[in-house]
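K.L.:
next come a sequence and a model predicted from it.
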Amino acid sequence: MRFNPDEYITVSERIEKFYARFPQGRIVTTIIEHSAETGFILMRAEVYREPDDSLPAATGHAYELRSAGHVQAGSYVEVCETSSVGRALALLGFEVRRGVASREEVIRGAKKQQAAAGSAPPAPAAPERPAAQPERAAPPERRAAAPEPAAGAIPAEKRASAPASGAPPDLDGQILQAAEELGYDAAKVRKWVNQKFEVTGGLGSLTPHDKREVLKIFTEQARSPQPRAARK
């Protein structure tokens, strides 16, 4: 059956219906868990029908990720709050046609499925070698998780060490330097990161832990022995 978002109710319509029926009611939202570093948030919405109600008539929960899409990148807290309110009102029985999900939720879900179906392979193709130098043809691919290093690359461990001053390392800079030594520019690194971690903002969407994982992959790739063409 073909997806039709018009068959689903919006959260704003549910809110309008609620206050029309319970003009003295109230909707209270609470942040249960939030990490500004990873961009994860979990919220709870409580719906009270009358001012003197001591317990909510219905509750709803929702979580959101800052890296989930373009809208979430700037408003993931607001998106999460709207979803929790919509589910609480749906559980109270307001405008449930095809289920408790709101139109906003099913549209976001459909976009995620479309993005996953149209995603490219998990690693970029190796850069082509000049036709005039067949003896330096690209080595056979050994692993799909990281780009192949270019010939003569400087070992990544020599340039990936943290500064002696004790200041936090510039992981983005180290990763881009490692990629450059391996023969890849920033655009290819961004594409590879988006595909591997299912994000849209490249290195800027990753946590420090994920960045260290990327740097480790590049470092291990640089340590792997590369076949060299015989010099004349």
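P.N.:
Sure, I can see it. Residues are numbered from 1 along each chain as shown.
K.L.:
domains for the protein, by residue range?
P.N.:
Domains of the chain are assigned by automatic domain parsing as 5-113, 140-223.
K.L.:
confidence-wise, which of the ones you listed is weakest overall?
P.N.:
Per-stretch mean pLDDT for the domains of the chain is lowest at domain 140-223 (a mean of 70).
K.L.:
so which bits of stretch 188-202 are buried?
P.N.:
Under the neighbour-count criterion of 16 or more other C-beta atoms under 10 Å, stretch 188-202 has 188, 189, 190, 192, 193, 194, 196, 197, 199, 200, 202 buried. No exception for glycine: its C-beta is placed from N, CA and C like everyone else's.
K.L.:
pick out whichever of those residues sits closest to residue 174.
P.N.:
The closest of the buried residues of stretch 188-202 to residue 174 turns out to be residue 189 (C-beta to C-beta; 11.7 Å).
K.L.:
that closest one contacts residue 179, correct?
P.N.:
Yes - with contact defined as C-beta atoms under 8 Å, residue 189 counts as touching residue 179 (4.6 Å).
K.L.:
how many neighbours does residue 76 have?
P.N.:
Counted by other C-beta atoms under 10 Å, the residues lying close to residue 76 total 21.
K.L.:
for it, give me its contacts.
P.N.:
Counting by C-beta atoms under 8 Å, 6 or more residues apart in numbering, residue 76 makes contact with 39, 41, 64, 65, 66, 68.
K.L.:
if you rank these by neighbours, which is first?
P.N.:
Within these, neighbour counts (other C-beta under 10 Å) peak at residue 64, which reaches 25 neighbours.
K.L.:
host element of that residue?
P.N.:
strand 58-65 (DSSP states H and E).
K.L.:
what residues of that strand count as buried?
P.N.:
By neighbour count with 16+ other C-beta under 10 Å, strand 58-65 contains the buried residues 58, 59, 60, 62, 64, 65.
K.L.:
out of the residues you listed, which is nearest to residue 220?
P.N.:
Top of the list for closeness to residue 220, among the buried residues of strand 58-65 and by C-beta to C-beta, is residue 65 at 28.1 Å.
K.L.:
quick one: residues contacting that closest one.
P.N.:
39, 40, 72, 76.
K.L.:
I figured residue 43 hits residue 30, correct?
P.N.:
Yes - with contact defined as C-beta under 8 Å, residue 43 reaches residue 30; the gap is 6.7 Å.
K.L.:
quick check: angle from the longest helix seen in the chain to strand 58-65?
P.N.:
In the chain, with assignment by DSSP state H, the single longest helix is helix 70-91. Computed by axes from the mean of the first three to the mean of the last three C-alpha atoms, to 10 degrees, the angle separating helix 70-91 from strand 58-65 equals 170 degrees.
K.L.:
just the CA coordinates of helix 70-91, formatted as PDB?
P.N.:
C-alpha atoms of helix 70-91 as PDB (Å, rounded to 0.1, in the frame of the first residue of the first chain):
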ATOM      1  CA  HIS A  70      18.800  18.400   8.400                       C
ATOM      2  CA  VAL A  71      15.900  19.500  10.700                       C
ATOM      3  CA  GLN A  72      17.300  17.800  13.800                       C
ATOM      4  CA  ALA A  73      20.700  19.400  13.300                       C
ATOM      5  CA  GLY A  74      19.300  22.700  14.400                       C
ATOM      6  CA  SER A  75      16.100  21.800  16.300                       C
ATOM      7  CA  TYR A  76      16.400  18.200  17.700                       C
ATOM      8  CA  VAL A  77      15.200  19.300  21.100                       C
ATOM      9  CA  GLU A  78      12.000  20.900  19.600                       C
ATOM     10  CA  VAL A  79      11.400  17.900  17.300                       C
ATOM     11  CA  CYS A  80      11.700  15.500  20.300                       C
ATOM     12  CA  GLU A  81       9.300  17.600  22.400                       C
ATOM     13  CA  THR A  82       6.700  17.700  19.600                       C
ATOM     14  CA  SER A  83       6.900  14.000  19.100                       C
ATOM     15  CA  SER A  84       6.400  13.200  22.900                       C
ATOM     16  CA  VAL A  85       3.400  15.600  23.000                       C
ATOM     17  CA  GLY A  86       1.900  14.000  19.900                       C
ATOM     18  CA  ARG A  87       2.200  10.500  21.400                       C
ATOM     19  CA  ALA A  88       0.700  11.500  24.800                       C
ATOM     20  CA  LEU A  89      -2.300  13.000  23.100                       C
ATOM     21  CA  ALA A  90      -2.700  10.000  20.800                       C
ATOM     22  CA  LEU A  91      -2.700   7.700  23.900                       C
END
